[in-house]
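J.: Structure of the sequence below:
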Amino acid sequence: MSDEPDAPDPVDEGAFGIDAFSLDDRLRLFHFAAAEKRHEYLWLLRAFDRGRANYQVLLHASDAVGLLERLAADHPAAGTVGEVQPLLDALAEWQILDRSYDGTRAANLAEYRNRHYVYQFTQAGYRAYRAVEDVLGARLEDAQLSRLVFPDILGDLRALAEANVAGDAEEVYRKLGRLDSVLNEMAQRAARFYLMLGDLARTNDTRPEVFLTHKDTLLAHMREFTAELGRYAPLLAEAVEKAAVTGVDRMIEYAAEADERLFRSPAERLADWRHRWDGIVHWFAEREHSETERLQDATVTAIRSVLALLRRVTEARRGGVSRESQLRHLAQWFTSCESDEDAHALFQAVFGLGAPRHIAVPYADPEQIPGRTSWWEAEPVELARTLVQSGRTPALHGPGRIERNNDRRALLRAGQLKEQAERRSAANALASDGVYGRTLDEPETRALLALLDVALAARVPASRLVTAASGSAHGVRLTLTPAEGSTTVDTVRGRLHLDGLRLEVTAGTACTV
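T.: Numbers count the residues shown, from 1 in each chain. Purely as a prediction, here's the structure:
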């Protein structure tokens, strides 16, 4: 991998405003949040935000000071901001604020040449400031599942179908936009809620009382949400299908026509609204793996996790006191011990750790390891398990009693005799009926393969030319003779092809294979 920095992102020469910000410029927008004077930068940007809310967009340094003084009346921390001019210059350097000249403040030519500056938020700078404020203002109340939104979504879907039938482009635009924003907010709320559950589970390890305080509220909230989602899911899927029947293409065209985004081409608007409609379908109308189904599964899984966590906390407190309280009392007992002997006795009674067992075992061959070799360098000595566990040297005993299972032996012998009879019967069938022109069953196939194995083992030529070979077993003899072409034997396992050989099975002298 190369250590050279990545090349900056190319920027469209015709772009302006926020589109002209490259990746590095966008990352630099957050420098103020990690700077040494980050609190002063934050209060100064809050003053600009208050001026923006009062339609006072362009601010001079003196205007910013005045807004900070008014903020200090409600928030004393705003009064700790020092000189604002260096802060304004740094924010302009990071492109959070836009700096321009203000010639109207100059009373003479000298003051005009002094370049009186006025400042205002850049588009990207304001977004970065709002992102930081969203993080600072985040509260636990934001992490909740919204069950009251389902009736509104159902009403908007029905109104969308009616507006599409009536040809009301503006109403289609409003309903689609509202549905898209509501679904995005619901997805974000759900994500924050499940992250909050994970944080609560981790907090339980140190502060279980926090979990016990909120567990009833959490369980009731998730159960109500699951019930509402299960009740409205089929209604929402039906409403989406009815809206689609009125004409999806016409609906998308209506929404794109009423869209007032100036810097989007008609094709981009159509693609954007089609993507939003596909998201609505993915949420409610997909037969398998829809977002509503996944959301319901995740909620049920979260309920099980909370119940398991509750069971774990309850079991930890079954004795009336928590583990933390027990350890605190134990530490107090150790502190109250009058002597070290009492502390050691208490330690032995609580933890039950006895003294180590010392074992001395010599090497099997003492002359193999020199006496000067350190214990760290010498080979370890093998120890018996009984010596380590009980301190007793293992004693040598005679062989154990052999347990004879006559019933099992008789069963095995009967099976062996039966198998031998089947092999002998199959071998006789091969000798009487031959191996060609029929399909060999399983016992005949096994017998043929055993005979073939013996014959091939005996077929050791002294030269490249082999005339014939034979092998006998189970009272029959198998002979391999050369033949033109190839021969085929049909078995239940498949076909056996022999190239240049022919099989002949005849009655012969039995021998052991």
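J.: Only C-alpha atoms from now on, for both contacts and neighbour counts.
T.: Fine.
J.: Can you get me a residue count around Asp74?
T.: Burial of Asp74 is recorded as 9 neighbouring residues (other C-alpha atoms under 10 Å).
J.: give me phi/psi at it?
T.: Note on Asp74: backbone dihedrals following degrees, to the nearest 10 are phi -100, psi -30.
J.: so who does it touch?
T.: For Asp74, no contacting residues are found, by C-alpha atoms under 8 Å, 6 or more residues apart in numbering.
J.: start the count at 478, not 1, going forward
T.: Got it, the first residue is 478 from now on, which makes the last one we talked about Asp551.
J.: part of a strand, is Val982?
T.: Yes: with DSSP: H, G, I helix; E, B strand; the rest coil as the criterion, Val982 is assigned to a strand.
J.: So which residues make contact with stretch 707-727?
T.: Counting contacts by C-alpha under 8 Å, 6+ apart, the residues outside stretch 707-727 that touch it are 627-628, 630-631, 634-635, 637-638, 641-642, 757-758, 761-763, 769, 773.
J.: How about stretch 910-919?
T.: Stretch 910-919 has contacts (C-alpha under 8 Å, 6+ apart) with Thr965, Val966, Asp967, Thr968, Val969, Arg970, Leu980, Glu981, Val982.
J.: Let me see the mean pLDDT of it.
T.: If you average the pLDDT over stretch 910-919, you get 85.
J.: How far does that stretch stretch from one end to the other?
T.: This stretch, stretch 910-919, spans 15 Å end to end (C-alpha to C-alpha, to the nearest Å).
J.: By mean pLDDT, flag the weakest helix or strand of this structure.
T.: helix 586-590 (a mean of 53; mean pLDDT, DSSP states H and E).
J.: Just give me how far the strand or helix carrying Ala710 sits from the chain centre.
T.: Following DSSP states H and E, one finds Ala710 within helix 685-722. Helix 685-722 sits 24 Å away from the centroid of its parent chain (C-alpha atoms, centre = their mean, to the nearest Å).
J.: Next: stretch 886-895.
T.: In terms of C-alpha atoms, centre = their mean, the centre of stretch 886-895 is set 56 Å apart from its chain centre.
J.: And Thr922, how far from Ala898?
T.: Using C-alpha to C-alpha, we find Thr922 at a distance of 15 Å from Ala898.
J.: Give me the more crowded residue out of those two.
T.: Each of Thr922 and Ala898 has its neighbours counted (other C-alpha under 10 Å); Thr922 has more, 23 against 13.
J.: residues in contact with that one?
T.: With contacts defined as C-alpha under 8 Å, 6+ apart, Thr922 is in contact with Thr968, Val969, Arg970.
J.: what do you get for Ala735?
T.: Counted by C-alpha under 8 Å, 6+ apart, Ala735 has contacts Ala646, Glu647, Tyr650.
J.: now the second one: how far from Leu536?
T.: Spelled out, that is Glu647. 38 Å.
J.: In this structure, which strand is the longest?
T.: Longest strand of the chain, by residue count under DSSP state E: strand 953-968.
J.: Neighbouring strands of that strand in the sheet, and parallel or not?
T.: strand 916-917 (parallel), strand 946-950 (antiparallel), strand 971-984 (antiparallel) (DSSP bridges).
J.: so which of the ones you listed comes closest to Glu546?
T.: Smallest distance to Glu546 across the strands paired with strand 953-968 (C-alpha to C-alpha): 97.4 Å, for strand 971-984.
J.: Run through who's touching the closest one.
T.: Contacting residues not belonging to strand 971-984 are listed as 905, 907-909, 911-912, 952-967 [C-alpha under 8 Å, 6+ apart].
J.: Now list the buried members of these.
T.: 905, 907-908, 911-912, 952-957, 959, 965-967 (16 or more other C-alpha atoms under 10 Å).
J.: Looking at the residues you listed, which is nearest Leu545?
T.: Of all the buried ones among the contacts of strand 971-984, Leu545 sits closest to Asp967, with 100.2 Å by C-alpha to C-alpha.
J.: ok, now how distant is that closest one from Ala541?
T.: Remark: distance between Asp967 and Ala541 (C-alpha to C-alpha) = 100 Å.
J.: likewise Ala934?
T.: To Ala541, Ala934 is 104 Å away according to C-alpha to C-alpha.
J.: Which of the two has more residues huddled nearby?
T.: Taking neighbours as other C-alpha under 10 Å, Ala934 and Ala541 compare with Ala541 leading, 23 against 12.
J.: Wasn't the more buried one part of a helix?
T.: Yes: checked against three-state DSSP, Ala541 lies within a helix.
J.: you'd agree it is up against Ala524?
T.: Yes: using C-alpha atoms under 8 Å, Ala541 makes contact with Ala524 at a distance of 6.5 Å.
J.: Not counting residues beside it along the chain, what's closest to Gly556?
T.: Ala549 (5.1 Å; C-alpha to C-alpha, 6 or more residues apart in numbering).
J.: If you tally nearby residues, what's the number for the one you found?
T.: Neighbours of Ala549 using other C-alpha under 10 Å come to 16.
J.: With Ala744 instead?
T.: Other residues close to Ala744 by other C-alpha under 10 Å number 9.
J.: repeat for the one 5 residues further on
T.: With neighbours defined by other C-alpha under 10 Å, the count for Asp749 comes to 16.
J.: What helix or strand is it located in?
T.: Assessed by DSSP H and E, Asp749 sits inside helix 743-761.
J.: tell me which residues in that helix are buried?
T.: In terms of neighbour count (16+ other C-alpha under 10 Å), helix 743-761 has its buried residues at 746-747, 749-751, 753-754, 756-761.
J.: Please apply the same query to stretch 725-744.
T.: Met728, Ile729, Glu730, Tyr731, Ala732, Ala733, Ala735, Asp736.
J.: And stretch 850-866, end to end?
T.: Start-to-end span of stretch 850-866 (C-alpha to C-alpha) is 28 Å.
J.: Alpha carbons only: can I get stretch 531-543 in PDB?
T.: C-alpha atoms of stretch 531-543 as PDB (Å, rounded to 0.1, in the frame of the first residue of the first chain):
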ATOM      1  CA  ASN A 531     -34.100  36.800  13.100                       C
ATOM      2  CA  TYR A 532     -33.400  37.300   9.300                       C
ATOM      3  CA  GLN A 533     -30.100  39.000  10.200                       C
ATOM      4  CA  VAL A 534     -27.900  37.100   7.700                       C
ATOM      5  CA  LEU A 535     -24.800  39.400   7.300                       C
ATOM      6  CA  LEU A 536     -23.100  40.100  10.600                       C
ATOM      7  CA  HIS A 537     -20.200  42.400  11.400                       C
ATOM      8  CA  ALA A 538     -17.800  41.600  14.300                       C
ATOM      9  CA  SER A 539     -19.600  44.100  16.500                       C
ATOM     10  CA  ASP A 540     -23.000  42.600  15.600                       C
ATOM     11  CA  ALA A 541     -21.600  39.200  16.700                       C
ATOM     12  CA  VAL A 542     -20.500  40.700  20.000                       C
ATOM     13  CA  GLY A 543     -23.900  42.100  20.600                       C
END
